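> this one's sequence-less:
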């Protein structure tokens, strides 16, 4: 015995009405809640590209203002430089050097602002005590 068209249409109609109410509720909520604080301009969103040769790494991304960020890493000289490019008309288009630094010492630090469950020093101690089984959760 196959179900009648009326018995199929009723659940579909109820499901459609429920989805419409959920959608209206989400729209209403998004209009009444405070927007999240803006992200720092250097944080990328969406997409980016990267390329490298024997001594340089270039990574691009889009910041919250719509400008394009370019991160250049000199792997030989161990320097980082960051640029922001903004498109538009000849009066609004620009290229800004955001900053740069020698990252040689940065790359030698065992941890900075590290929120890992196990610090580098603790993990190194475990490896010296236990070898490869050091990653178990025993403390």
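Right, received. Where do you want to start? Quick caveat, the model's predicted, so the values are computed rather than measured.

> how's this structure carved up into domains?
Per automatic domain parsing, the domain ranges recorded for the chain read 1-35, 45-129.

> tell me the pLDDT at the residue nearest to residue 52 when sequence neighbours are not counted?
Distances taken as CB to CB, 6 or more residues apart in numbering put residue 58 closest to residue 52, at 7.0 Å, once the chain neighbours are dropped. All C-beta atoms are positioned from the backbone trio N, CA, C, and that covers glycine. We have a pLDDT of 93 for residue 58.

> burial count for residue 58?
Neighbours of residue 58 under the rule other CB atoms under 10 Å: 13.

> okay, and for the protein, where does confidence drop off?
The chain contains residues with pLDDT under 70 at 1-47, 132-139.

> surely residue 83 meets residue 96?
Yes: using CB atoms under 8 Å, residue 83 makes contact with residue 96 at a distance of 6.7 Å.

> who has more neighbours out of these two?
Neighbour tally, residue 83 and residue 96, criterion other CB under 10 Å: the higher count belongs to residue 83, 17 against 11.

> helix/strand/coil for that one?
Following DSSP: H, G, I helix; E, B strand; the rest coil, residue 83 is assigned to strand.
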